[in-house]
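Engineer: with the sequence up front, the predicted model follows.
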Amino acid sequence: MAEKTGEMTIMDHLEELRRVLIVSILATMVLAVGAYFFCDQILAVLLEPLTKLGHKVVFTGITEALWVKIKLSFFVGFLAALPVILWQVWSFIIPALKRNERFYFTIFVVISFVCFLGGVAFSFFGVYRLGIMFLLRYAGPELVPMLTIDKYISFTITFLLPFGIVFELPLVSFILAKLELVNYRFLAKNRRYALLVIVVMAAILTPTPDVVTCLIVSGPMYLLYEVSIWIVRLVERGIARQKQQQERAELAEARSAAVVDG
């Protein structure tokens, strides 16, 4: 992208935003097409929690299998295109930032990407598999699961995406603490309200109405909230030390000036 010089008008900003959106959408579509050719392998990985338990998945509509593969391709294409999307966002915002702000924003974009993928991976290889095993065994031997591929993939995507977003919470908390917009005392004092909000969010995000799935989702979310509290506390201590050092330096400078004047 060519480097921007001078002041940009509103139309220039809108044109640049349009370019960012077009590139991001095209990257997602191209990678989704590429992902379609690997749908069978991707499905095998996603179905592993079921196949390990000896269960099979069916489809009930003529176009259901094709639609599922298209939907899964776009999901994988979006994940694969995230570096491109974040790079486009970075290129849109970075010209308006100062040199030191550019460095921190670049670090933020990289860590944000890692946290999102980490959340999705943690969800699938940890919470999701345990949840599937528990929920299927919870049905008992009398009930035989008849799982359709469309509902299973929809359940999987709806389960994984929120974890990717929620894993950004410690990073957001770090930034807000650096800006002194949140503090440890406030977050620690409002734990019970945070827990209530997390449970409500988990109930909304989970595609099934059962309490067990809600608890499986809300547990790691609350753990991330506690991690965020710990991060905010560390940031506060660092800021307090910096302020003390600054006050000592100012006091020493004032004393030196007083000695010179005396």
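Structural biologist: Cool, got the structure.

Engineer: pretty sure residue 194 sits in a helix.
Structural biologist: Yes: remark: residue 194 belongs to a helix, assigned using DSSP: H, G, I helix; E, B strand; the rest coil.

Engineer: my read: it touches residue 182, true?
Structural biologist: No: with contacts counted by C-beta atoms under 8 Å, residue 194 stays clear of residue 182, the gap being 11.8 Å. In this view, the C-beta of every residue, glycine as well, is placed from N, C-alpha and C.

Engineer: how about the helix or strand in which residue 83 is found: buried residues?
Structural biologist: With elements taken from DSSP states H and E, the one containing residue 83 is helix 64-93. Using 16 or more other C-beta atoms under 10 Å as the test for burial, helix 64-93 gives 68-69, 72-82, 84-88, 90, 92.

Engineer: again, but for stretch 150-161
Structural biologist: Going by neighbour count (16+ other C-beta under 10 Å), the buried part of stretch 150-161 is 150-153, 155-157, 159-161.

Engineer: for the helix holding residue 83, name the packing helices and strands.
Structural biologist: In terms of contacts (3 or more C-beta pairs under 8 Å, 6 or more residues apart in numbering; DSSP states H and E), helix 64-93 is packed against helix 10-36, helix 39-46, helix 99-122, helix 149-166.

Engineer: and of these, who's closest to residue 250?
Structural biologist: In this view, those are compared for proximity to residue 250 by C-beta to C-beta, and helix 99-122 is the closest at 22.3 Å.

Engineer: what about the helix holding residue 83, average pLDDT?
Structural biologist: Per-residue pLDDT values across helix 64-93 average out to 89.

Engineer: distance check, the residue nearest to residue 146 when sequence neighbours are not counted against residue 161.
Structural biologist: Spatially, and ignoring its direct neighbours in sequence, residue 146 is nearest to residue 58 (6.6 Å; C-beta to C-beta, 6 or more residues apart in numbering). Summarising the geometry, the distance separating residue 58 from residue 161, computed by C-beta to C-beta, to the nearest Å, is 25 Å.

Engineer: how much space between residue 177 and residue 50?
Structural biologist: Here the distance between residue 177 and residue 50 works out to 42 Å (C-beta to C-beta).

Engineer: tell me which of those two has more neighbours.
Structural biologist: Here residue 177 and residue 50 are set side by side on neighbour count (other C-beta atoms under 10 Å), and the busier one is residue 177, at 22 against 17.

Engineer: isn't the more buried one up against residue 229?
Structural biologist: No: counting by C-beta under 8 Å, residue 177 does not reach residue 229; the two are 10.0 Å apart.

Engineer: domain parsing of this protein, as residue ranges.
Structural biologist: For the chain, automatic domain parsing gives the domain ranges 11-156, 168-262.

Engineer: ranking the ones you listed by mean pLDDT, which is last?
Structural biologist: Here the domains of the chain differ in mean pLDDT, and the lowest is domain 168-262 at a mean of 82.

Engineer: give me the angle between the helix holding residue 83 and helix 99-122.
Structural biologist: 160 degrees (axes from the mean of the first three to the mean of the last three C-alpha atoms, to 10 degrees).

Engineer: so residue 143 is in which element?
Structural biologist: No secondary structure element spans residue 143, as it lies outside all helices and strands (assigned by DSSP H and E).

Engineer: what's the neighbour count on it?
Structural biologist: Other residues within reach of residue 143, judged by other C-beta under 10 Å, total 9.

Engineer: for it, give me its contacts.
Structural biologist: When the contact criterion is C-beta atoms under 8 Å, 6 or more residues apart in numbering, residue 143 has no partners at all.

Engineer: which phi and psi does it have?
Structural biologist: Its backbone dihedrals place residue 143 at phi -100, psi 130, with angles given as degrees, to the nearest 10.
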